[in-house]
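Q: Sequence unavailable; structure follows:
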C-alpha cells in the first residue's frame, strides 16, 4: 500500500512480484504434504454424493466454504485454508488482481476504488467456486528438501526484516 500512497509504480510492481513469488513458494511446500492438499478436500466432498448432480453441488459447496462462504462473499475468507493448490489457483489470482489494480491506479492517476475492486474480486471468486479443475491428492516433492531450498532462498530477507524490527523496537524504548 505504501507504493500506492507514494505513487510508486516500481515499488508496487517489485513488492507485488515478491508477494506472488512467495505465494507460489508456499503452495509448493504445502503441496509436498498429504495433509495440506486442496485435492483431498474436494475429493472427500464429491465422495459423499450419490449422483453426478450431487457431486457438482458438493464440490461447489466445498470450494465456496473455503473461499467466499456464500454466493456473494457474505463472509469472505471466513473458512480460508492454506492448502497446496488453493494458494496457487485462488489466492494468487486475488492478490494479482489487487496488485494489478494498484498498478493501474498509479499509471492512470485514479484513486483506488474499493467497491469496484470488491466486485472484481467477487467475480473472480465466483468463477473459482464454479470451476471443476482437479487438484492432486498425492503430494509432490520432498517437504524437507523444499523447506531447505526455501530457507536458503529467503534467509537473507528474513534476517534483514528481523534487523529492522529490532532497530524499530530499540527506538521505541
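A: Nice, thanks for sending it over. Given the structure is predicted, the values throughout are model-derived calculations rather than measurements.
Q: just the helices in the chain please.
A: Counting by DSSP state H, one finds helices in the chain at the ranges 2-5, 9-30, 38-47, 52-65, 86, 92-108, 114-130, 143-172.
Q: winner for burial among those?
A: Of all the helices of the chain, helix 86 has the most neighbours on average by mean count of other C-beta atoms under 10 Å, namely a mean of 26. In short, each C-beta sits where N, CA and C put it, glycine included.
Q: ok, and what's touching it?
A: 27, 38, 66 (C-beta atoms under 8 Å, 6 or more residues apart in numbering).
Q: Figure out how far that helix is from the centre of its chain.
A: On the basis of C-alpha atoms, centre = their mean, to the nearest Å, helix 86 is displaced by 7 Å from the centre of the chain it belongs to.
Q: And the closest residue to residue 153 other than its chain neighbours, how close does it get to residue 18?
A: Once flanking residues are discounted, residue 153 sits nearest to residue 25: 7.3 Å by C-beta to C-beta, 6 or more residues apart in numbering. To residue 18, residue 25 is 10 Å away according to C-beta to C-beta, to the nearest Å.
Q: got it, and residue 48?
A: 40 Å.
Q: just to revisit the earlier point, ok, so of the contacts of helix 86, who is nearest residue 136?
A: residue 38 (8.3 Å; C-beta to C-beta).
Q: what residues are up against the closest one?
A: Contacts of residue 38 (C-beta under 8 Å, 6+ apart): 81, 83, 84, 85, 86, 89, 135.
Q: Can you select the buried ones from those residues in ChimeraX?
A: In ChimeraX syntax, the buried subset of the contacts of residue 38 is picked out as below (16 or more other C-beta atoms under 10 Å):
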select :81,83,84,85,86,135
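Q: For the nearest residue to residue 1 once chain neighbours are set aside, which residues are in contact?
A: Nearest residue to residue 1, sequence neighbours excluded (C-beta to C-beta, 6+ apart): residue 102, at 7.9 Å. Residue 102 makes contact with 1, 3, 4, 12, 16, 112 under the criterion C-beta under 8 Å, 6+ apart.
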